[in-house]
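Engineer: Give the three-dimensional model of this entry:
(2 chains)
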Amino acid sequence: AQRVTQPEKLLSVFKGAPVELKCNYSYSGSPELFWYVQYSRQRLQLLLRHISRESIKGFTADLNKGETSFHLKKPFAQEEDSAMYYCALTMDSSYKLIFGSGTRLLVRP
Amino acid sequence: DVKVTQSSRYLVKRTGEKVFLECVQDMDHENMFWYRQDPGLGLRLIYFSYDVKMKEKGDIPEGYSVSREKKERFSLILESASTNQTSMYLCASSLGLLSNQPQHFGDGTRLSIL
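Structural biologist: Predicted coordinates:
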């Protein structure tokens, strides 16, 4: 079955440190992968998607089909990056999103 | 900017009641979704709809039903509420043309069943 795994429930780093939020998926086809973010008291929103190959708020994510991973990275964390991050997957020709269980990122001053 | 509006931020109901959660989007999106969000479980899809009067079961449809009579509105119905349905419920919408279109979420409804 298709699955998205985020192994860390909580990731705590100091301001200015590099951040990597891990995401692994299981799907044999061609996935579309996304990172969504939910800041405190805000709605869940799209951060980035692999098809766009963009950097948003300093975050990047590269799809590694060999390792079936889509890790989210930022070289220098900021306190405002503290939030809940969800990795999500859609399958071929499907509108359904399959979410991971989420990782809470805490950036300490 | 896409606006997805959920009718209530907080709702308290009693066991056995029939509960309606309403969601409206203003961007003419074809697809609409209902999720529940629970700590440690992430978001789980309850139902989704890709057109008016069309619906498909998600991963956890038991105990729920949905209604989509108009394109902009998608209702989630708890037929007979139970305490294990206490959760945060999120509505989302997306364009229907391609699977890589992002979903836009509402603020959520925190539902407590007593």
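Engineer: Report how many residues lie close to A:E80.
Structural biologist: 10 (other Cβ atoms under 10 Å in any protein chain shown). Any C-beta I mention is one placed from the backbone N, CA and C, and that applies to glycine too.
Engineer: do you know how far it is from chain B?
Structural biologist: A:E80 is 20 Å from chain B, where distance means Cβ to the nearest Cβ, to the nearest Å.
Engineer: ok, now which ones touch that residue?
Structural biologist: A:V107 (Cβ atoms under 8 Å, 6 or more residues apart in numbering or on different chains).
Engineer: Look at it and give its secondary structure.
Structural biologist: Secondary structure, DSSP: H, G, I helix; E, B strand; the rest coil: A:E80 is helix.
Engineer: pLDDT score for it?
Structural biologist: We note a pLDDT of 96 for A:E80 in this prediction.
Engineer: Quick one: low-confidence residue ranges for the chain.
Structural biologist: You didn't pick a chain, so chain A it is. The model of chain A has pLDDT under 70 over residues A:93.
Engineer: Can you look at chain B instead?
Structural biologist: Along chain B, the parts satisfying pLDDT under 70 run over B:1-2, B:97-100.
Engineer: State which strand of it is the longest.
Structural biologist: Looking across chain B with DSSP state E, the single longest strand is strand B:42-51.
Engineer: Can you list the strands that that one pairs with?
Structural biologist: strand B:31-38 (antiparallel), strand B:54-57 (antiparallel) (DSSP bridges).
Engineer: Would you mind listing the residues in contact with residue 21?
Structural biologist: I'll assume chain A. A:L21 neighbours (Cβ under 8 Å, 6+ apart): A:Q6, A:E8, A:L11, A:W35, A:H71, A:L72, A:K73, A:Y85, A:C87, A:T103, A:L105.
Engineer: sorry, should have said chain B
Structural biologist: B:6-8, B:11, B:34, B:75-78, B:89, B:91, B:109, B:111.
Engineer: Alright, calling it a day.
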